[in-house]
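> my questions are about this predicted structure, shown below with the sequence.
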Amino acid sequence: MIQSRKNLLHGCRVPRTVILSVLSVEYIILFYSSLQRLQGILLFIGYFLLTVAITCNNHGRNVQVKYEQELSLILKCVAANLILSVFMCAVYVDNCMPYMIRLGILLILQLLSIVIMCEIVMRITIENYKGKRLYLYQEKTIDISSIPQAESMSVDKVSMEIIKQKIKEYDEVYLFDLSAEKRNDLLKICFKTNRPVYFTTKLSDMELRAAGLAQDGETPIFYRQAGRIGGISAALKRLFDILFSGVLLVILAPLFGIIALCIKLDDGENVFYYQTRCTRGMKKFQIIKFRSMVVGAEKFVGAQLAQNRDPRMTRVGYILRKYKLDEVPQLINIFRGEMSFVGPRPERPELIEEIAEKVPEFTFRTTVRAGLTGYAQVHGDYHTEFLDKLKWDLMYIENYSLMLDLKILLMTIPVVLKGTDDVK
């Protein structure tokens, strides 16, 4: 579906010099007294250089999605402050506590200022945008009724020369679901006419996006590594899963009891729902959920993807689904090593086989351990088309990092607190 300008979510558009200036001023305000000594001046220079390193890294340049760039910058600020705290303790070893308190206040100011700056610029550049966008599409690949007719054109009916002239009349271009050949030709035109361009992704784009630059003699080439999580990253990811799932299982034990009681009082049937799913390497396991549907919901209809406003849900199940509470018992699966906190959601083996016949790339999701939350979950919901979910999952697999895991976990919090409007 074609999205409006407001729904095209960009990342932080604040200039790096502005971010650097604001963070430096906040530091000077809080540590003004220490700047009157040589040690304080040297610490400020060190902080300034750390901040330059952060902001010059484009704070997530390759991910132009709202909140992700901001989270990248915030997490890097946290890392910079931790490094600075070590040096402050070394310099002010006899009286470091007041400086640690001020450093904590500085971090809070940084978080607030980054979010506020990004939101202000977002509203100015996106919500108040007055430019015109031209939609270009192919009739054989799209439902024409979903496109704004006043600002759209079918590439099947006119020549490239006419399209080129039309592009010059608009401020930006949206290439919607075009063939690879058509898309490449139009991208060249947009480049020549200096027009910003949006274009919908294909599954192959997700794989190419993770490729790095290499060299074959004098020829620049792309090199794509195997899309797997291994080595130290895998070990750290597993350690994180064990520690935090164990802690959360203890903390959330009372919530388990309350939900179990509500399910029992609702219809008197089983509290937990077990189902065979697939994780890394197509290994089968029993996923654990709080039961949100009537007993035997798939007895007659067979396995199928969850539906928007599914009539098979119980009264308590609606609430559990709305706030994702039915997924909480999967902390047990995570502790066992069958799942991870972050990764593609596990699917049933029969559904994987059925979908893989039409979309072979669907099996790529099982090259990593299945997750409780993932890229697709923070950017979509139950109603999101499975191809879009697959693209987000491939994006995660191809671009995995511990930083990305932290960002997805942080982005999951507001998703859970807000709930979903698709389960009513």
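Done, it's in. Residues are numbered from 1 along each chain as shown.

> need the contact list for T276.
Counting by C-beta atoms under 8 Å, 6 or more residues apart in numbering, T276 makes contact with K284, F285, Q286, I287, R348, P349. Yep, even glycine has a C-beta here, placed from its N, CA and C like the rest.

> could you dump the host helix or strand of it to PDB, C-alpha only?
For T276, the element it lies in under DSSP states H and E is strand 272-278. C-alpha atoms of strand 272-278 as PDB (Å, rounded to 0.1, in the frame of the first residue of the first chain):
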ATOM      1  CA  PHE A 272      -0.500 -23.100  28.500                       C
ATOM      2  CA  TYR A 273      -0.600 -23.800  24.800                       C
ATOM      3  CA  TYR A 274       2.200 -25.900  23.300                       C
ATOM      4  CA  GLN A 275       2.900 -26.000  19.600                       C
ATOM      5  CA  THR A 276       5.700 -27.400  17.400                       C
ATOM      6  CA  ARG A 277       7.800 -24.600  15.900                       C
ATOM      7  CA  CYS A 278      11.100 -24.500  14.100                       C
END
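
> run the chain-centre distance for that strand.
26 Å (C-alpha atoms, centre = their mean, to the nearest Å).

> just stretch 255-273 next, same as before
32 Å.

> from here on, count from 16
In the new count, where the first residue is 16, that last one comes out as stretch 270-288.

> show me which residues of the strand holding T291 are buried.
Y288, R292, C293 (16 or more other C-beta atoms under 10 Å).

> helix or strand next in line after it, which one?
As assigned by DSSP H and E, the chain's next helix or strand after strand 287-293 is strand 299-305.

> just the strands from the stretch 16-165 of the chain, written as ranges.
Assigned by DSSP state E, counting those that start in this stretch, the stretch 16-165 of the chain shows strands spanning 148-152.

> any regions of it where pLDDT drops low?
Across the stretch 16-165 of the chain, the ranges flagged by pLDDT under 70 are 16-26, 70-79, 81, 141-144, 155-165.

> swap in the stretch 266-415 of the chain?
Short version for the stretch 266-415 of the chain, where the test is pLDDT under 70: 311-325.

> check contacts around the residue nearest the centre of the chain.
Most central in the chain under C-alpha atoms, centre = their mean is Y390, positioned 4.3 Å from the mean C-alpha point. Applying C-beta under 8 Å, 6+ apart, one finds that Y390 lies in contact with W407, D408, M410, Y411, I423.

> the same query, at a cut-off of 10 Å, please.
Counting by C-beta atoms under 10 Å, 6 or more residues apart in numbering, Y390 touches 80, 83, 357-359, 404, 406-412, 414, 419, 422-423, 426.

> please pick the buried ones from these.
80, 83, 357-359, 404, 406-412, 419, 422-423, 426.

> restricted to strands, list those.
With DSSP state E as the criterion, strands contain V357 from among the buried ones among the contacts of Y390.

> show only the entries of the buried ones among the contacts of Y390 found in helices.
Among these, the ones falling in helices (DSSP state H) are 83, 404, 406-412, 419, 422-423, 426.

> turn those residues into CSV, including distance to L57.
Converted to CSV, those look like this (distance: C-beta to C-beta, whole Å):
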residue, distance to L57
E83, 34
K404, 50
K406, 48
W407, 45
D408, 47
L409, 46
M410, 42
Y411, 41
I412, 43
L419, 34
K422, 33
I423, 37
M426, 37
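
> run a quick neighbour tally on Y107.
17 (other C-beta atoms under 10 Å).

> what sits against it?
Shown in contact with Y107 (C-beta under 10 Å, 6+ apart): S49, Q54, G55, L58, P113, Y114, M115.

> the residue nearest to the first one when sequence neighbours are not counted and Y107, how far apart?
What that stands for is S49. Closest residue in space to S49, ignoring its immediate chain neighbours: G55 at 3.3 Å, by C-beta to C-beta, 6 or more residues apart in numbering. From G55 across to Y107, the span is 9 Å (C-beta to C-beta, to the nearest Å).

> name the residues contacting each of those two.
The contact sets of G55 and Y107 overlap at S49, Y114 (C-beta under 10 Å, 6+ apart).

> could you give the bridge partners of F214?
L190 (DSSP bridges).

> neighbours of it, just the number please.
When counting by other C-beta under 10 Å, one arrives at 17 neighbours for F214.

> could you measure from it over to N199?
From F214 to N199 the distance is 10 Å (C-beta to C-beta).

> same question, I367
32 Å.

> quick one, which of the two is more surrounded?
I367 (18 against 10).

> that's a strand at the more buried one, yeah?
No - per DSSP: H, G, I helix; E, B strand; the rest coil, I367 lies outside any strand segment and is helix.

> surely it is in contact with K373?
No - under the criterion of C-beta atoms under 10 Å, I367 makes no contact with K373, lying 11.7 Å away.

> give me the contacts around stretch 421-433.
If you take C-beta under 10 Å, 6+ apart as the criterion, stretch 421-433 is touched by 75, 78, 80, 82-87, 89-90, 93, 255, 259, 337-340, 342, 356-358, 386-396, 411, 416.

> identify the contacts common to F214 and N199.
With C-beta under 10 Å, 6+ apart as the test, F214 and N199 both reach L193.

> next one: the longest helix seen in the chain to chain centre, how far?
The residue-count maximum for a helix in the chain (DSSP H) belongs to helix 112-137. In terms of C-alpha atoms, centre = their mean, the centre of helix 112-137 is set 23 Å apart from its chain centre.

> in it, what counts as buried?
Buried-residue list, helix 112-137, by 16+ other C-beta under 10 Å: 114, 117-118, 121-122, 124-125, 128-130, 132-133, 136-137.

> do stretch 364-383 as well
Residues of stretch 364-383 classed as buried by neighbour count (16+ other C-beta under 10 Å): L366, I367, I370, E376, F377, F379, R380, T381, T382, V383.

> tell me how far the ends of that stretch are from each other?
Counting by C-alpha to C-alpha, to the nearest Å, you get 15 Å between the two ends of stretch 364-383.

> now stretch 383-396
21 Å.

> stretch 369-382 too?
End-to-end distance for stretch 369-382: 18 Å, by C-alpha to C-alpha.

> hmm, who's touching that stretch?
By C-beta under 10 Å, 6+ apart, stretch 369-382 touches 218-219, 221-222, 241-244, 293-298, 318-320, 358-364, 366-368, 386, 389, 391, 401-402, 404-406, 408-409, 411-413.
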